[in-house]
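everything below, folded, please.
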Amino acid sequence: MGKTCIYCKRNLGFLNGKINLNDGNAICTACAEKAGINTFSGTAIVAAQNISSENLIRMIDGKKPLTSEDMMLVPYREKNMARIDNFTPTNRVGILVQFDDNAKEFIVGNGDTADLFQYENIVDYELLQNGATVSKGSMGGAVVGGLLFGAAGAVAGAAGSKRVEIDVCTNLSIKLTLKDTYRKVCYITFINSSLATNSNAYNVAYTLAQNCMSYFKIACDMVQEGQKPNNTMVQSSNADELRKFKELLDDGIITEEEFRVKKKQLLGL
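Residues are numbered from 1 along each chain as shown. Have a look, this model is predicted:
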């Protein structure tokens, strides 16, 4: 039985122009050309055979091909798709990151390459400029660096002791380190080309990056706040314990001295 084209679904017989792909599927030459493949070049055809069917379809539709990492993450992203579809952001940073403080979740990216994480997945977050650290924060730790001195076009020097001014930024991104999830490291890119640090475009991107760092700090603070013991419950529990020991004292089971020691312990005296 003949194959059908992965895109136009036309039946492909022996006489039809087609490229057999290494994943077992095939694409007609007309659709291959729509994907930008020179069907008259043997080298281009061999290269096309190693492209996945999914990426060829994306190329025809004008979408960016998935990387090998993206392909590996597809099953996990499909599991999260329902939650992503129902995601209601309370804050967002452009189209790059969305935060939901109610569900304590955030989304990085958009479309079929979007990733959803829990606030509690965050280990640390670091703002990088030209590969150097501008500022950094972590779960349970204070933010150090750029969020404190806040200067655009500056990066931390050795041991964060000194700022180094730069004139051109070629990359500005946040590196997220995560735990208990399918991705351990995630990058959020704000600048990926040369921009003068005194340009409006740079200032807009830098402001977005700083805002994003602030949102990550808020997210970590919310997790930490939720992990604090409820003081009212602790005090109530201590009072109940004290009543029990008072009953033991009244019944003569413990001595007055033993009761005083326990009372000081429970009341933190």
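
select the longest helix from the protein.
helix 200-227 (DSSP state H).

which residues belonging to that helix are considered buried?
202, 205-206, 208-210, 212-213, 215-217, 219-220, 223 (16 or more other CB atoms under 10 Å). All C-beta atoms are positioned from the backbone trio N, CA, C, and that covers glycine.

average model confidence for that helix?
Here helix 200-227 scores 91 as its mean pLDDT.

now swap in stretch 79-86 and tell me
81.

same check, this time on stretch 59-76
73.

repeat that for stretch 89-99.
Stretch 89-99 shows a mean pLDDT of 93.

all numbers from here: first residue = 55
Sounds good: first residue 55 from here, last item stretch 143-153.

quick one: it to chain centroid distance?
Stretch 143-153 sits 11 Å away from the centroid of its parent chain (CA atoms, centre = their mean, to the nearest Å).

okay, strands next: where are they in the stretch 55-204 of the chain?
Along the stretch 55-204 of the chain, the segments classed as strands by DSSP state E, counting those that start in this stretch run 57-58, 65-66, 72-74, 80-82, 145-147, 151-154, 159-162, 169-172, 176-183, 186-192, 198-199.

list the contacts of the fifth one.
Identification of contacts with strand 145-147 by CB atoms under 8 Å, 6 or more residues apart in numbering yields 152-153, 155, 262, 265-266, 269.

in JSON lines: those, plus distance to V222.
Output for those, formatted as JSON lines (distance: CB to CB, whole Å):
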{"residue": "Q152", "distance to V222": "30"}
{"residue": "F153", "distance to V222": "31"}
{"residue": "D155", "distance to V222": "36"}
{"residue": "L262", "distance to V222": "19"}
{"residue": "N265", "distance to V222": "23"}
{"residue": "C266", "distance to V222": "22"}
{"residue": "Y269", "distance to V222": "27"}
